[in-house]
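Trainee: Sequence first, then the predicted structure, then my questions.
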Amino acid sequence: MPEGIFDAFGWCDSDVLEWRCPGSWDDATPIDGSDPARMVFVLRHGPFDFLPGELAAVHAFGLGLTVEQALAPWGIDAATDGFHAHRVRPGDALWLAADNLNALFWGLHDWAHFHNHGPFEPHQRAWTEVQCDVSALVWLWINRRDVPLSEPDWERLRRQVVRLSRKRFEGDGASFDESLLDAARLTSRHTLSGERERTARS
């Protein structure tokens, strides 16, 4: 990662993301850069006035949500700035509702944003995004048994993310190093959740 992409990389250690999913699960949703359906970060009780909110029940179904507020889907960047400015741990403020693979991937991607503050400069955006892609893919690899997600489906997902990342770098007028998302690089040092050795935290 070039210097200056993040002005506060890892300002908050990522520990636990609470993810809730209703009984149905869809692992066929593609990663194509479109807004994820049926995904939202639900607000916990607390004074989080700096987070733009909407009704959670508009975006997440089957979880018994009624009057609960959620982070507005258009407010991811504002939340990233707000968590950093107010020094609020994202896990103290939010939990994730997602019932499909596309939604879970983007929830994990945004979770990485919340813990690593970047300036969001237009010509640097592809770099901040690929760092968050890496975090999401590694988490899904480690927790694939619990999701559940088969290894072929994880590889299908990774290839979709590579295509999306390439488009981002092209849009920024920058070259894309595909090895950043190489499967061996992402999986070689990371074991399944619950096994003796674990090298990443969710």
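Mentor: Great, that's in hand.
Trainee: mind saving the C-alpha coords of the helix or strand Trp127 falls within as PDB?
Mentor: If you go by DSSP states H and E, Trp127 is part of helix 125-142. The C-alpha coordinates for helix 125-142 follow below in PDB (Å, rounded to 0.1, in the frame of the first residue of the first chain):
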ATOM      1  CA  ARG A 125     -10.000   5.500  -3.900                       C
ATOM      2  CA  ALA A 126      -9.100   2.200  -5.600                       C
ATOM      3  CA  TRP A 127      -6.300   1.600  -3.000                       C
ATOM      4  CA  THR A 128      -8.600   2.100   0.000                       C
ATOM      5  CA  GLU A 129     -11.200  -0.200  -1.600                       C
ATOM      6  CA  VAL A 130      -8.800  -3.000  -2.400                       C
ATOM      7  CA  GLN A 131      -7.500  -3.000   1.200                       C
ATOM      8  CA  CYS A 132     -11.100  -3.500   2.400                       C
ATOM      9  CA  ASP A 133     -11.700  -6.100  -0.200                       C
ATOM     10  CA  VAL A 134      -8.700  -8.100   1.200                       C
ATOM     11  CA  SER A 135     -10.100  -7.900   4.700                       C
ATOM     12  CA  ALA A 136     -13.500  -9.100   3.600                       C
ATOM     13  CA  LEU A 137     -12.100 -12.000   1.600                       C
ATOM     14  CA  VAL A 138      -9.800 -13.200   4.400                       C
ATOM     15  CA  TRP A 139     -12.600 -13.000   6.900                       C
ATOM     16  CA  LEU A 140     -14.900 -15.100   4.600                       C
ATOM     17  CA  TRP A 141     -12.100 -17.600   4.100                       C
ATOM     18  CA  ILE A 142     -11.400 -18.000   7.800                       C
END
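Trainee: what mean pLDDT does stretch 37-52 have?
Mentor: The pLDDT scores in stretch 37-52 average 92.
Trainee: now stretch 68-78
Mentor: 94.
Trainee: And for stretch 55-63?
Mentor: Stretch 55-63 carries an average pLDDT of 95.
Trainee: Quote the end-to-end distance of that stretch.
Mentor: From its first residue to its last, stretch 55-63 covers 13 Å (C-alpha to C-alpha, to the nearest Å).
Trainee: roughly how far is that stretch from the heart of the chain?
Mentor: 19 Å (C-alpha atoms, centre = their mean, to the nearest Å).
Trainee: Good, we can wrap up now.
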